[in-house]
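# Give me a model of this one.
(2 chains)
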Amino acid sequence: MTWLDNTLFLPVIILFITGSALTLMRPQPRSMYVLAVQYIAVSWLASTSLPAAGVAAKLVTGLLVCVIFYIGIRQIGDNLLRGDDHLLSANLPFSIIALLLVTVASVSVARSNLFAQFDIRIEASVGALFLIAASLLNLGLGTDQLRIGIGLLTFVSGAELIYGFIEPALALVALLAMVHLGIVLVFSYIISIQTRYPMTENRDP
Amino acid sequence: MSAGLIIFVFTFIYASLCLVLRHQRMASALTAAIGAGSIAAFVLLVPFDEAFLFGEISIKFASEWIILGRMFSLSANVRPLIGFLYLAGAFLLPAAWLVNANRFFPSVALLILAIVAASLMVDPFVFAAVFIELAALGAVFVLVTQQHPRSTGATRMLILYTFAMVSILFTGSLLEVAGITSATPVLAMRVTFILGFGFAILMTVPPFHLWLPKSAEESDPYILVFVLVILQTAGFFFLLRFLDSYVWLREQTLIYDGIRIAGIITTILAVLLSASQRDVKKLMAYALLVDLGVILIAIGSGTEDAFRLALDLSAVRVIALGVFALGLSYLCNSDRLASQMRGVGYKMPFSAAAFLVGLLSVAGTPLTAGFPGRWSLLTEVLHADKLAAGTVLFSMVGLGMLVIRWAAILFGRRDGDEIIAVSKEPRIFLLGGILLLLILGLFPQLVFPWVENVASGLANLFL
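From the prediction side, this is the model:
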C-alpha cells in the first residue's frame, strides 16, 4: 500500500499528540479515546513491518484493550469521575518541560545508528522511541494505577513497534497481544479491588 | 497426541476443578497439588515419541507441538526442569488453604505453573521472556486480593518484569540477527549489558528488588514465596539456557564475574538490611534475597559443580521458604512489629517453631536442609574466591544470629496469655515441614542426586 508508506509522517505526528496528551492529562475515562487513537497510529506504523493479519490483530487488540480499560475505570465510582472536570495534570509545567526533553532525546536517539543492524524505518523508530520515552515519563510521574497501566501499555506498544522489524512473526504478535490484554485485565482488576475493598490488611478470607 | 497439549489441557481441567471447589478451600488446594504432582509425574516418567501399552491400548505422546508456526517442545533437556517446577508447585500448594489467601489462588497458581512450563517449552527459547511476563501478570492476581488490596509491590514487579521482557527479547534478536561472537566485542558488550539488565530484574537482584519488601508488607507471606520461587526459578532456568546456547556468552569470564559480584553484593546487603528490620514480613523479604544472593554466587563460580550446587540450593529453598513462610503467615495474624511480637511464640508455638527452623534452614545452619548446599558451596568457592566464600559464611552467621534475635523476641516474655488454639491440620503441616527440613539436613542424599541432574540435559553446561 504505497499511499500508506507516503503518509507515514502522519501516524508519527498522531503518536506525538496522543503520547503528550496521555502524559499531560489526568488519567480518566476519556483517556481511553486518546489511547485508542494511539493504538490506531501504532498499527498504521506497524503496517510497514508486519503482514496485514498482524496489523489487524494489533489494531483489534488495541481497541479491545481500550474498551476493557474503559469499563474497568467506570467501576471506580464518583470520585474519579468528578475529576473529569480537571482535564490536565496538577504539575503541568513540570510535565511539559519533561515531555519536551524526552521528545528531543527520543528524536536524537532515533536519528543515531542505534538500530543499524536492523532495517528499521526512521518514522517507526522515531514514533517507537517517543512512545517509550513518554511511557517512562508516565510511569515516573504516576502514582495511580490508571496512569501506570496506560504507561505500561504505551511502553509495550513502542517496544513492539521496533521489534516488529526484527521478528515479524505472527506468533509473537499474538503473544504480545496477550501481554496487552493481560496488562489491561490486571489493572482493571486492581482498580476494581481497590474500589470495592478499603485498604486494610488481613481481612478474613 | 502432543505431550505439551496434554499438559495445558490437564492444567486447565485441574484449574477449573479448583475453581468449582473454591468454597471448600482444603479440597481446592489439595486438588491443585494433586494436579501439579500428576503433571510432574507425566512429564518425568512417561516416555515420549515412542509407543507404549497402557492396558491394551497403544499410546504415543509426541514431544513436539506446533501452534501458530511456533514449536512447543518437551525435549529431554527441558523435561526435568518442567518436572521440577511442577513438583515445587505440588509441594507448596497443599498448604495454600491454611493461609490468608484468595479462594482463587489454587486455580491461578496452576495456570502460572503452566505458563512458566510454556516458557521452557517454546522454541525459539528467547520467547520465554514473554511467557515469564505473562506469569508475572498472573502473579498479580494472587498478590493483590480482597484480603490484601494494596498493590504497590505488585505493580512495581509488573513494571520491572515488562522491562525485562523487552530487554531480553531485543537481546535474543540481536544474538540471532546480528551474529554476535567474541569477534564483535563492542556489540557483545552491549548485548551483555542489556541481557544483564533483564536477568537482574528476573532474579530480583538489587536495586531491582524494590518490589519485594513492599509486596512482603502487602501480601500474604506464603503466597509471595510461591510467586517468588516460581518466577525466580523460571528466570534461573532461562539464564542457564542462555548460557548453554551461546558459546561466546559461556566463554566470557566477565559474565560469571558479574553474576558472582551481584551475588556478593545482594547477600551482604540483604543480611545487613534483614538485621535492621523490625517488621517480620520485611525480614522475610530480605531473607529471600540472602538466599538468592548465595545462589548467584554459586552460578557465578562458573563451574559445572557450582551449577549443580545452585540447583540443589534452588530445590532446598522451596522447602525451607515454604515452611518459613507458613509459620510466618500464622504469626502475622497477630502482629508484625518486633515490639508487638514479644512472647508470641508462647501463644503460637508451632508457628514460631516453623518460622525459626525455616529461617535456620535459609541460613544454612547445621542439621537443617540448607546446610549441605551451603557447606558444599563454601568448600567449592573457598580456593577460587575468598570474598565469595567469606560472603557465604557471613550470610550463615548473620542469618543465624537473626534467628537467635527473633527467638529471643518470640519467646522473650510470657505474660500469661493463653495458647491460641491451632486446629489439627495446620499443626500437621507445620510439624511436617519442620521434620522434613531436619530429615533433609541429616539425609541430603534423599533429594540432592536427583536435583543435581535436573539440568543435565543442557549438554554444553553439564558436560
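# any low-confidence regions in chain A?
Chain A contains residues with pLDDT under 70 at A:1-6, A:75-90, A:114, A:116-117, A:198-205.
# let me redo that: chain B
Low-confidence segments of chain B (pLDDT under 70): B:178-183, B:334-339, B:413-422, B:463.
# Now for the residue nearest the centre of chain A: which residues touch it?
With distances taken as CA atoms, centre = their mean, chain A has A:T154 as the residue nearest its mean C-alpha position (2.2 Å). Residues near A:T154 by CB atoms under 8 Å, 6 or more residues apart in numbering or on different chains: A:19, A:22, A:38, A:131-132, A:134-135, A:138. No exception for glycine: its C-beta is placed from N, CA and C like everyone else's.
# right, and the helix or strand after the strand or helix carrying it?
When elements are assigned from DSSP states H and E, A:T154 belongs to helix A:145-166. Where DSSP H and E defines the elements, the next helix or strand beyond helix A:145-166 is helix A:170-196.
# and that following helix, is it in reach of chain B?
Yes: for helix A:170-196, a contact with chain B is found by CB under 8 Å from any CB of the partner chain, at A:170-172, A:174-176, A:178-179, A:182-183, A:185-186, A:189-190, A:193-194, A:196.
# Buried ones in that helix, by neighbour count?
Buried positions in helix A:170-196, judged by neighbour count with 16 or more other CB atoms under 10 Å in any protein chain shown: A:171-195.
# what do you get for stretch B:111-128?
So for stretch B:111-128, counting by 16+ other CB under 10 Å, buried means B:111-122, B:125-128.
# Let's see which of the residues you listed end up in strands.
Secondary structure from DSSP state E places B:V122 of those in strands.
# Also near chain A: which of the buried residues of stretch B:111-128, exactly?
Okay, of these touching chain A (CB under 8 Å from any CB), that's B:F127.
# helix/strand/coil for the residue of the stretch 351-463 of chain B at minimum distance from chain A?
Per CB to the nearest CB, B:P426 is where the stretch 351-463 of chain B lies closest to chain A, at 14.1 Å. Following DSSP: H, G, I helix; E, B strand; the rest coil, we place B:P426 in the helix state.
# Give me the neighbour count for it.
19 (other CB atoms under 10 Å in any protein chain shown).
# Could I get the contacting residues of the nearest residue to it once chain neighbours are set aside?
Spatial nearest neighbour of B:P426, excluding adjacent residues (CB to CB, 6 or more residues apart in numbering or on different chains): B:L98 at 5.0 Å. Contacts were defined as CB under 8 Å, 6+ apart; by that measure B:L98 touches B:222, B:326, B:329-330, B:425-426, B:429.
# same deal with A:L153?
A:35, A:65, A:135, A:180, A:183-184.
# Return the member of these nearest to chain B.
When the contacts of A:L153 are compared for distance to chain B (CB to the nearest CB), A:I183 wins out at 6.8 Å.
# Just want the angle from the helix holding A:T154 to helix A:170-196.
Calculated by axes from the mean of the first three to the mean of the last three CA atoms, to 10 degrees, helix A:145-166 forms an angle of 180 degrees with helix A:170-196.
# and the closest residue to B:S301 other than its chain neighbours, what is it in contact with?
Nearest non-adjacent residue to B:S301, counting by CB to CB, 6+ apart: B:V381, 5.5 Å away. By CB under 8 Å, 6+ apart, the residues touching B:V381 are B:297-298, B:301, B:306, B:388-389, B:392.
# Just the ones of those in helices?
B:297-298, B:306, B:388-389, B:392 (DSSP state H).
# Buried subset of the residues you listed, written for ChimeraX?
Restricted to buried positions by 16+ other CB under 10 Å, the ChimeraX selection for the ones in helices among the contacts of B:V381 reads:
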select /B:297,298,306,388,389,392
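# any chance of the ones in helices among the contacts of B:V381 in TSV, with distance to B:L21 too?
Formatted as TSV, the ones in helices among the contacts of B:V381 follow (distance: CB to CB, whole Å):
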residue	distance to B:L21
B:I297	42
B:A298	40
B:A306	43
B:A388	47
B:A389	49
B:V392	44
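# List just the nearest of the ones in helices among the contacts of B:V381 to B:L68.
B:L68 has its nearest neighbour among the ones in helices among the contacts of B:V381 in B:A298, at 37.4 Å by CB to CB.
# and the strand or helix carrying B:G35, which residues are buried?
Applying DSSP H and E as the criterion places B:G35 in helix B:25-45. Applying a neighbour-count criterion of 16+ other CB under 10 Å, one finds B:25, B:27-33, B:35-37, B:39-40, B:42-44 buried in helix B:25-45.
# How far away from the center of its chain is it?
Put simply, helix B:25-45 sits 18 Å off its chain's centre (CA atoms, centre = their mean, to the nearest Å).
# counting contacts, what elements does it pack onto?
Helices and strands touching helix B:25-45, by 3 or more CB pairs under 8 Å, 6 or more residues apart in numbering or on different chains; DSSP states H and E, are helix B:3-20, helix B:79-92, helix B:105-121.
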